[in-house]
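Engineer: Let me see the structure of the following:
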Amino acid sequence: MDTSSPAAFVNGGLLCMHVGRKVRALIQVTRSDVGSVLGKSTDDRQLVVKGSPLVPLTSYVEVIGVAENDNSIRAEIWTNFGDSFDVSSYDQLCQLANGEFKHLFL
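Structural biologist: From the prediction side, this is the model:
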């Protein structure tokens with residue numbers, strides 16, 4: 001595991017705190033276009049993920065990439081999480097990873 005450049009766990013609301021840095025976010029795919037994917041974050045915000053996945057996407061996808069602004073990520077890694085996922089648990093993880101337990105994640 002590469003620990004030299006960790007990716008912060010983020011939801012849509014936390015993305016703005018990490019602009020220009022590596023992040024990881026889970027989205028529910030709502031639309032896939034050439035070169036970008038639109039999705040809903042775990043806190044129900046609309047996100048644009050730029051890039052083209054190499055495989056067909058499932059309903060839930062975790063992306064790792066660079067936060068370009070408060071609603072856009074340039075993806076480097078796409079990981080399918082299936083067609084059913086507990087987004088509230090992932091959202092709680094994002095809150096903990098950016099709050100009192102931040103030292104455990106970065």
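
Engineer: In terms of secondary structure, what does the longest helix anywhere in the chain contact?
Structural biologist: Secondary structure of the chain read by DSSP state H shows that its longest helix is helix 87-97. Secondary-structure packing of helix 87-97 (3 or more CB pairs under 8 Å, 6 or more residues apart in numbering; DSSP states H and E): strand 8-9, strand 22-33. (Glycine included, C-beta is placed from N, CA and C.)

Engineer: Reformat those into a markdown table and put mean pLDDT, distance to Q92 and mean neighbour count next to each item.
Structural biologist: As requested, those are arranged in a markdown table below (pLDDT from 0 to 100; distance: least, CB to CB, whole Å; neighbours: other CB atoms under 10 Å):
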| stretch | mean pLDDT | distance to Q92 | mean neighbour count |
| --- | --- | --- | --- |
| strand 8-9 | 96 | 10 | 22 |
| strand 22-33 | 96 | 12 | 18 |
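
Engineer: tell me the SS of L54?
Structural biologist: Put simply, L54 is coil when judged by DSSP: H, G, I helix; E, B strand; the rest coil.

Engineer: scratch that, V48
Structural biologist: V48 ends up strand, using three-state DSSP.

Engineer: Tell me, how many residues neighbour it?
Structural biologist: 17 (other CB atoms under 10 Å).

Engineer: Same question for the one 5 residues further on.
Structural biologist: When counting by other CB under 10 Å, one arrives at 17 neighbours for P53.

Engineer: Wait, it touches G35, no?
Structural biologist: No. Taking CB atoms under 8 Å as the definition, P53 is not a contact partner of G35, at 10.7 Å.

Engineer: Look up phi and psi at the residue lying farthest from the centre of the chain.
Structural biologist: Relative to the centre of the chain, the most outlying C-alpha is that of E100, 20.3 Å out, by CA atoms, centre = their mean. As for E100, its main-chain torsions (degrees, to the nearest 10) stand at phi -70, psi -20.
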